[in-house]
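In: need a structure here:
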Amino acid sequence: MPGVAVNPDMTSSLAALAVSAPLQVGLLASPTGQLLVALVAVAVVIILGKFVLKLAWRLVTIGIVVVAALYLLSVLGVV
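Out: Numbering: from 1, shown residues only. As a prediction, this is how the structure comes out:
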């Protein structure tokens, strides 16, 4: 495109600038803020894991009951 001039300082990454500014201003600006964010992230993982494990235990229990019933039926010669 003729007539368009780009100065050397205009070539810096706009994405890098957009990402770095909120990080310097927000919670992640201090080590204490970073620790808080990390602890909240761990808490979220633990809470989600708790629900997933609760569901997994139910599925395992149902599987044990079904397999045990099929085994007993096969031992008795019904199936």
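
In: In contact with residue 60, which residues are there?
Out: Residue 60 makes no contacts at all, as judged by C-beta atoms under 8 Å, 6 or more residues apart in numbering. C-beta: built from backbone N, CA, C; applies to glycine.

In: For stretch 44-51, what does the pLDDT average out to?
Out: When the per-residue pLDDT values of stretch 44-51 are averaged, the result is 95.

In: buried residues in that stretch?
Out: If you call a residue buried by 16 or more other C-beta atoms under 10 Å, then stretch 44-51 has no buried ones at all.

In: what sits up against that stretch?
Out: Looking at stretch 44-51 with C-beta under 8 Å, 6+ apart, no contacting residue turns up.

In: And the helices in the protein?
Out: Under the criterion DSSP state H, helices of the chain are mapped to 14-25, 31-76.

In: weakest of those by average pLDDT?
Out: Least confident of those, judged by mean pLDDT, is helix 14-25 with a mean of 57.
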